[in-house]
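1. Compute the structure for the input listed below.
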Amino acid sequence: MLTGFLAWTRRSLADPTWRFLILFALYLAAVGILLPMATQAFPGVMRFMVEATAAIEYAVLALFTDQASLNDTVVHFGAFGVRIIGECTGLFEIAIYVACVLAFPTTWRKKGLGLLFGIPAIYAFNVLRILCLLVVGRYAQSSFEFFHLYFWQGTLILMIASVWMLWVYLVVRDETGTAISD
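-> Numbering: from 1, shown residues only. As a prediction, the model looks like this:
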């Protein structure tokens, strides 16, 4: 039985699809272990990310309305407010994206480009997500929980996958210099 498993493992690691899936799972597990440890070891970094995200949310919202206010890490739109916490910073979504990029079989230069452009794109989408939640909370508060827990979670998955697939399509190329085809 062990011999069969080892043979399957060798064949799987030789197949780029299996290798990607295995590496992605390992990178994601490593992030799942290391990110909480890092946030505990360096609480100032997470606090900075939370405060920066709250300040950005407030600044963008204030461009469109005079009903925006910021109190520590709570962004208000009129009477409705949301507290920005660690999970609101986009770090966890970025970690999933980073695991996808690192696991993909391409050069480190291309992986670097994927990280350079993908991380800000995912962070910007996360800012948009919170702004939309503020609008929903202000004008349709009964729908806030649905949008917060279901709609935007599913949309974030699509965003991560879309940014990753766009990177694969535009940046990752085979030896002939053409985009990877169907």
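2. hey, let's count contacts and neighbours off CA atoms from now on
-> OK.
3. Scan the protein for its longest helix.
-> For the chain, the longest helix by residue count, based on DSSP state H, is helix 108-139.
4. After the lowest-mean-pLDDT helix or strand in the chain, which helix or strand is next? Please name it.
-> Lowest on mean pLDDT, DSSP states H and E among the helices and strands of the chain sits helix 2-14, with a mean of 69. Later in the chain than helix 2-14, the nearest helix or strand by DSSP states H and E is helix 16-41.
5. and the residue nearest the centre of the chain, what is it in contact with?
-> Nearest to the mean C-alpha position of the chain, by Cα atoms, centre = their mean, lies residue 93 at 2.2 Å. Going by Cα atoms under 8 Å, 6 or more residues apart in numbering, residue 93 touches 122, 156, 160.
6. My read is that residue 103 contacts residue 28, right?
-> No: here residue 103 does not reach residue 28: they are 9.6 Å apart, not a contact under Cα atoms under 8 Å.
7. quick revisit: kindly supply the PyMOL command isolating those of the contacts of residue 93 that are buried.
-> In PyMOL syntax, the buried subset of these is picked out as below (16 or more other Cα atoms under 10 Å):
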select buried, resi 122+156+160
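8. Which one of the contacts of residue 93 is nearest to residue 78?
-> Closest approach between the contacts of residue 93 and residue 78, by Cα to Cα: residue 156, at 26.1 Å.
9. Let me know the secondary structure of that closest one.
-> At residue 156 the chain is in helix, as set by DSSP: H, G, I helix; E, B strand; the rest coil.
10. can you pull the pLDDT of it?
-> For residue 156, the model assigns a pLDDT of 91.
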